[in-house]
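[1] Model the structure of this input:
(one chain, ligands or ions: 1)
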Amino acid sequence: MRMTLLRLSRAATAALVAGAALTAAAHSAEAAEAADTLGSAAAAQGRYFGTAVAASHLGEADYVSTLNREFNSATPENEMKWDATEPTRGTFTFSAADQVVDHAQAQGMDVRGHTLVWHSQLPSWVGGLGAADLRSAMNNHINRVMGHYKGQIHSWDVVNEAFQDGGSGARRSSPFQDKLGDGYIEEAFRTARAADPAAKLCYNDYNTDGVNAKSTAVYTMVKDFKSRGVPIDCVGFQGHFNSNSPVPSDLRANLQRFADLGVDVQITELDIEGSGAAQADSYARVVEACLAVDRCTGITVWGVTDKYSWRSSGTPLLFDGNYAAKPAYHAVLSALGGSGGGGNPGGGTATCTATYTRTADWSSGYNGQVTITAGSEPIGSWAATVTFASPQRVQATWNTTPTWSGNVMTARPSWNGTLAAGASTSFGFTVAKNGSDAAPVVGGCTVS
Ligand code: XIL
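    As a prediction, this is how the structure comes out:
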């Protein structure tokens, strides 16, 4: 089976369907009241909506305009990690992190600090230290990094990913755990409190989003910290989801049980692999879970655009590689109580995609099918071109009334071409190979 996926888009200026004037007027009246960016919609709910930011992309105009328009909190994606800030013992470099912080502050965004004590992205010199030296290096690292940004960070991930996956609820092996034991975590929090008393101090982890053995182990630690007066203010739930690790149905209940311990909760690195309506629905469920918990103070997505996601094989973010707002974006905005948005206030961008599949194959011919799927806005009609290799001959088509130019077929709907946002339809054809087994090339879908 061969698949081709192409996307063309254009602004959906009203006027596509009868009654457009009335619909547009109704939309703009609504847009005047509802927030039309993620940050402003979240702010209206008393929350922040942030993103991971990479200093290396701050020279890209589309990246910056999307970042500035939509988000009111920024987390440096890698720039504050130990390997970036203290690659050599005692020598601190903040230039890349400062770029992100300066940019965020100039835009009036808050900054999340990520992260101080973590087994990963840790320079190898740390692993070579003996216990006493490691303790002092850890405390010095916290003091120096937090000191540099004192008063400028709303929440710090003081310790990241200290627990193992799986059912054991055990601590993860790391230089800190192996040499200092469980106590390194509370020592890090006590040091952090003194270093910047204004910052909220968070424990951050993944696969802790639902109620499970790992999240319960974190819960037990937080409960213990609260009972003994160890300074902890918040728990971060990374929120990295895909089909193997979907948004848990008890996300809200899990956030609530932590909140009930007297800490804030935050979704700190949200990304959800997938596309279309299913991805949009998962995103909306995360936003709804956060809004349902008073102490869920904000959500951060782990990047602005699919183009730069750390999950390079997926499309887990809210903007596609061309910075077009995806269905997931509109679902998040609407779950936050906003509308419009996506950089095109008052009307979204109507798009469609065309996906080709060979559905049957025999020695002298094959059947092909093209699935047309509307993007985040409804579409009035569509057209897709399909180019067949010579000397193939199309013998039959269904669900389309095509026009031809040489071996290029332009397929349009046979009857009503209306599709709701995210909805699909398909058309098909039977082809005589005449000696050529080449797949036809789908030249994209245009909204009309
Ligand atoms: C990731 C970054 O996005 C990548 O650029 C980097 O190569 C590896 O780290 N959990 C975390 C984040 O706490 O720091 C990680 O970020 C993703 C998983």
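
[2] Check the gap between Ala259 and Val222 for me.
    11 Å (CB to CB, to the nearest Å). Every residue, glycine included, has its C-beta placed from N, CA and C.

[3] Identify the residues contacting Ala97.
    By CB atoms under 8 Å, 6 or more residues apart in numbering, the residues touching Ala97 are 55, 76, 79-80, 84-85, 149.

[4] Skipping adjacent residues, who's closest to it in space?
    The shortest distance from Ala97 to any non-neighbouring residue, by CB to CB, 6 or more residues apart in numbering, is to Glu79 (3.9 Å).

[5] Might one say that that neighbour is in contact with Gln99?
    Yes - applying CB atoms under 8 Å, one finds Glu79 in contact with Gln99, separated by 7.5 Å.

[6] Any chance you could list residues touching both of these two?
    Taking CB under 8 Å, 6+ apart as the criterion, Glu79 and Gln99 both touch Ala55.

[7] Comparing these two, which residue is more hemmed in?
    Glu79 (22 against 17; other CB atoms under 10 Å).

[8] what's the pLDDT at that one?
    What the model reports as pLDDT for Glu79 is 98.

[9] Could you dump the contacts of Ala97 into CSV and include secondary structure and distance to Leu419?
    Shown next, in CSV, are the contacts of Ala97 (DSSP: H, G, I helix; E, B strand; the rest coil; distance: CB to CB, whole Å):
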residue, secondary structure, distance to Leu419
Ala55, helix, 40
Pro76, strand, 40
Glu79, coil, 42
Met80, coil, 44
Ala84, helix, 46
Thr85, helix, 50
Tyr149, coil, 48
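
[10] now those as TSV including distance to the ligand?
    Listed next are the contacts of Ala97 as TSV, based on distance: CB to the nearest ligand atom, whole Å:
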residue	distance to the ligand
Ala55	12
Pro76	10
Glu79	10
Met80	10
Ala84	10
Thr85	13
Tyr149	17
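
[11] got the buried residues for stretch 60-74?
    By neighbour count with 16 or more other CB atoms under 10 Å, stretch 60-74 contains the buried residues 60, 63-64, 66-74.

[12] Can you list which of those residues are found in helices?
    63-64, 66-70 (DSSP state H).

[13] Which residue does the stretch 251-400 of the chain have closest to the ligand?
    When scored by CB to the nearest ligand atom, the stretch 251-400 of the chain has Trp310 as its residue closest to the ligand, at 3.4 Å.

[14] Contact partners for that residue?
    Here Trp310 is in contact with 77, 302-303 (CB under 8 Å, 6+ apart).

[15] go on, Val222?
    203, 232, 235, 258, 261, 263.

[16] how about the helix or strand containing it: buried residues?
    Assigned by DSSP states H and E, Val222 falls within helix 213-228. The neighbour-count check on helix 213-228 (16+ other CB under 10 Å) flags 213-215, 217-219, 221-223, 225 as buried.

[17] next one: stretch 190-207
    Quick answer for stretch 190-207 (16+ other CB under 10 Å): 190-193, 195-196, 199-207.

[18] same thing with stretch 104-118?
    For stretch 104-118, a neighbour-count test (16+ other CB under 10 Å) marks 104, 109-118 as buried.

[19] These in strands, which ones?
    When strands are assigned by DSSP state E, the members of those inside them are 110-118.

[20] would you list the contacts of Val222 in CSV and tack on pLDDT, distance to the ligand and secondary structure?
    Compiled in CSV, the contacts of Val222 are given as follows (pLDDT from 0 to 100; distance: CB to the nearest ligand atom, whole Å; DSSP: H, G, I helix; E, B strand; the rest coil):
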residue, pLDDT, distance to the ligand, secondary structure
Tyr203, 99, 12, strand
Ile232, 98, 17, coil
Val235, 99, 14, strand
Phe258, 98, 18, helix
Leu261, 98, 22, coil
Val263, 98, 18, coil
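
[21] Appreciated, that's everything.
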